[in-house]
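Asks: A predicted structure for the sequence below; I have some questions about it.
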Amino acid sequence: MNRYIQDPELIQEIYVSGIKTQILRIAIRLDIFSILSAEPMDVTNIARICGCDLDGMEKLLDCLSSYHLLEKNGKYYTLSLTSMTFLVRSKKSYAGDWILAQTNPDIFEQVYRSVRSGKPFRPLFPWDQLAWLESYNPKRIIESNAMWEAARIDPALLNRMRVLDLACGSSIMSFVIAQKAPNVRIICVDTPKVLEVAKDLAVRMGVLDQVSFMSGDLHQLDLGTNKYEIALLGNATNFFTVEQNMSLFQRINRSLTNEGSLIINVTMDTGEMNPHVRLYSFVLWTMSGTRFYDFHNYQDWLLESGFYEVKQLNKQWISAKKIKQMIETRQQDETTDL
């Protein structure tokens, strides 16, 4: 984009996207999707149940239909598959509370105050509902396969290996490996509600027999010593301070066997003006006071924590190997032989 040419469409695109989220917020507050989950209805019945004006409800329903959240057949409205899965309150995969939290005007008033004061606020979000969205995203399967390939980890060679999946979310990235390597064991670590999502996905992907679950605080959890061949760390480190990340990496290092591997899946600061990265970097700062770290930050922390061969696989993935103990053991053996 040429910054010397005015672009009114850019302004329109930004504010229209905000209007769309508020329309979805209104529909969730009225519980329209739950009402339509029982059977198709016409606008008269929907307006009556919601206690709304007939003309106003029709305009809202048509708007939702244009977003493919509803389908209109004649005078009747029905749910799309997406709405049925994520926007019906009785569904376990319901993500409406996540959307309401993310679009709450009070939240943005707090963001405004953070920018003015320089002090972050710490909202409580239903992270399990974000995990539900991730667990149904087919793009994550493709991304997961690409990540393991980039890390040069061949599922065919993972005989009876143990994978520690930290801040696992839906655990879709580790379950992809489990599907290809029946003898691999996955240990999922997250909060209890998020682990419910991982368990559900394990059933859907047919790997539940290969998976165990461990809940706890990543800052306090005992990860053991020499227990896992691979550790996978989800997108959590940006929420942690430098000291917290150092402590976590040291405990991960101890938990890995000699020549064990760590893979980090995290949004990094590459210095680019990527709108997605800059948006979430800003939101992250207002919520936690931390920031997106760059590869050199991770490289320094990992090397100090006992990892070697720290590599940036792409803009989001980092790999590191624990080989120091193996080298020290060999050196000790050679000294003994002498």
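Replies: The structure has been received and is ready for your questions. Everything numeric in this text was worked out from a predicted model, so none of it was measured.
Asks: show me where the stretch 51-200 of the chain has its helices.
Replies: Secondary structure of the stretch 51-200 of the chain (DSSP state H, counting those that start in this stretch): helices at 54-66, 81-86, 96-102, 105-117, 127-135, 138-150, 172-180, 192-205.
Asks: name the residues that touch the shortest one?
Replies: So the one you mean is helix 81-86. If you take Cβ atoms under 8 Å, 6 or more residues apart in numbering as the criterion, helix 81-86 is touched by 33, 36-37, 68-70, 91, 93-96, 132-133, 136. (Each C-beta comes from the backbone N, C-alpha and C, glycine too.)
Asks: and those residues, which of them are buried?
Replies: 33, 36-37, 69-70, 91, 93-96, 132-133, 136 (16 or more other Cβ atoms under 10 Å).
Asks: just give me the closest of those residues to residue 10.
Replies: Closest approach between the buried ones among the contacts of helix 81-86 and residue 10, by Cβ to Cβ: residue 69, at 25.7 Å.
Asks: nearest to residue 293 among the contacts of helix 81-86?
Replies: Of those, the one sitting nearest to residue 293 (Cβ to Cβ) turns out to be residue 133, at 24.8 Å.
Asks: so what's the closest one closest to, chain neighbours aside?
Replies: Excluding its sequence neighbours, the residue lying closest to residue 133 (Cβ to Cβ, 6 or more residues apart in numbering) is residue 95, at 5.4 Å.
Asks: do you know how far that neighbour is from residue 28?
Replies: Here the criterion is Cβ to Cβ, to the nearest Å. By it, residue 95 lies 10 Å from residue 28.
Asks: give me the common contacts of these two.
Replies: residue 87.
Asks: neighbours of residue 14, how many?
Replies: The local packing of residue 14 (other Cβ atoms under 10 Å) involves 10 other residues.
Asks: surely it is within a strand?
Replies: No - according to DSSP: H, G, I helix; E, B strand; the rest coil, residue 14 belongs to no strand; its state is helix.
Asks: which of the contacts of helix 81-86 fall in strands?
Replies: Among the contacts of helix 81-86, the residues falling in strands (DSSP state E) are residue 70.
Asks: dump the contacts of helix 81-86 to a markdown table, plus pLDDT.
Replies: Shown next, in a markdown table, are those (pLDDT from 0 to 100):
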| residue | pLDDT |
| --- | --- |
| 33 | 98 |
| 36 | 98 |
| 37 | 97 |
| 68 | 96 |
| 69 | 97 |
| 70 | 98 |
| 91 | 96 |
| 93 | 96 |
| 94 | 97 |
| 95 | 96 |
| 96 | 96 |
| 132 | 96 |
| 133 | 95 |
| 136 | 96 |
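Asks: note down every partner strand of the longest strand belonging to the chain and its orientation.
Replies: The single longest strand within the chain, with elements called by DSSP E, is strand 256-265. Using DSSP bridges, the strands paired with strand 256-265 are strand 228-233 (parallel), strand 317-321 (antiparallel).
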